Every structure is written in structure tokens, then in C-alpha cells.
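Chemist: all I have is the shape, not the residue letters:
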């Protein structure tokens, strides 16, 4: 079982990035996929989640209206479109799989290695 993130990079304030999470060894059908991030010196925090069971999506208040999570069932990938990026969005972003969407990272069974997002001011 493996999750692999891609799409991170350096962008200026107000710019956009699209992160992708690809799964191998299992299908997303029975899982919820969440995105978390961790900035230097800070705890890991939940950013967004999509539930495959009912298609519901969830967003942290800090990213609501700027980030969009979506899934491509055929490709077994989940994307996080990030617009209007701010310096405070700078962090390592991780995707993770759980039985249901949760803001608690301990609910997630599988994790990717993370991808760095840096937003310059």
C-alpha cells in the first residue's frame, strides 16, 4: 500500500498549485482521503478531506473558498487545487487514507511521504 504526493513547489503569494495523491496497492473506493500539512515548528493540521462513500468534502476554515479537493476514480488519484495561496500556507503537505474523514491524524492508516509547498511573499 502506497500513497505518493506530487505537485508541490515554490509559488508567489496569490498563485496556485495543484497537488496530486496517487494510490497503489489499494483502491480509494473504501476509503476517505485527507490532506494534512505541517509547517516548521507547528503541529500537523488537517486541510481537506473527501469521502468516497458519500462524496462529501470537508475543508479547514483557513482554506475554505481557496482550496478544492477532487477525486479521479479511474486513475485512483485525489487532487487538491490550491488557489490564492498565502505565505501561511507554506508547509509540507501529506495525503492520507482513513475509513472516514477526520481532522485527527491518528485516524489515518496510510500516509504519503509529503510534498513541500512554499509561498513567497
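Modeler: Right, received. Where do you want to start? None of these values were measured; they are calculated from a predicted model.

Chemist: pick out the residue closest to the middle of this structure.
Modeler: In the chain, the residue lying closest to the centroid (Cα atoms, centre = their mean) is residue 35, at 2.5 Å.

Chemist: show residues contacting the helix or strand hosting that one.
Modeler: Counting by DSSP states H and E, the element that carries residue 35 is strand 32-38. Contact with strand 32-38 is made by 19, 21, 44-53, 69, 71, 78, 80, 89, 91-102, 105, 108, 114, 117, as judged by Cβ atoms under 8 Å, 6 or more residues apart in numbering. Heads up, the C-betas are built off the backbone N, CA and C, glycines and all.

Chemist: residues contacting the residue sitting furthest away from the middle of the chain?
Modeler: Within the chain, residue 121 marks the point farthest from the mean C-alpha position, 22.3 Å out by Cα atoms, centre = their mean. Residues in contact with residue 121, defined by Cβ under 8 Å, 6+ apart, are 13, 87.

Chemist: show me what residue 115 is bridged to.
Modeler: On the basis of DSSP bridges, residue 115 takes part in beta bridges with residue 93.
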